[in-house]
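Novice: Fold the following for me, if possible:
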Amino acid sequence: MEKKKILIIDDDPVIVKYLEKLFHDNGYDTIFAYDGLEADSIVEDVIPDLITLDIEMPNEWGPRFFRKLTKNKSCKEIPVIVISGLGSADHSIRKAVKFFSKPFDSDKLMETVNKEIG
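Specialist: The predicted model follows:
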């Protein structure tokens with residue numbers, strides 16, 4: 001059985017490495033992008049099972065990436081978990097399955113991931 005893939009989109013390499021390790025340790029494959037522009041090309045080639053998305057990034061912010069994602073017929077149903085340094089979900093993406101503020105609780109994040117994609 002093929003492992004489920006999670007696309008990590010965050011401009012902080014420390015967060016990316018942490019999430020990669022966390023997801024690998026829990027049986028998931030990962031791909032990553034450091035901003036929404038980079039993620040655009042990745043999501044077309046490898047349709048992930050779930051996306052973690054930062055809000056504030058260079059080149060293209062998370063909300064703009066999310067809007068484009070939801071207009072893509074093959075990607076619009078992918079669950080998105082927002083993980084952001086912004087302290088309020090008001091700045092978040094309303095249709096995300098969950099919002100986590102940095103620093104986040106890894107157990108709660110994994111609970112959400114497992115609930116969404118098993």
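Novice: so the spatially most central residue of the chain, which of the three states?
Specialist: Taking Cα atoms, centre = their mean, the centroid of the chain lies closest to Thr52, which sits 1.2 Å from it. Thr52 falls in the strand class when you classify it by DSSP: H, G, I helix; E, B strand; the rest coil.
Novice: pLDDT below threshold where in the protein?
Specialist: Low-confidence segments of the chain (pLDDT under 70): 87-92.
Novice: distance of Ile47 from Pro13?
Specialist: 24 Å (Cβ to Cβ, to the nearest Å). All C-beta spots, glycine's among them, are computed from the backbone N, C-alpha and C.
Novice: Who has more neighbours out of the two?
Specialist: For the pair Ile47 and Pro13, the greater number of neighbours falls to Ile47 (14 against 10), based on other Cβ atoms under 10 Å.
Novice: is it true that that one touches Lys73?
Specialist: No. Using Cβ atoms under 8 Å as the test, Ile47 is too far from Lys73 to be in contact (11.1 Å).
Novice: re the thing from before, which residues touch the residue nearest to the centre of the chain?
Specialist: Going by Cβ atoms under 8 Å, 6 or more residues apart in numbering, Thr52 touches 6-10, 19, 80-83.
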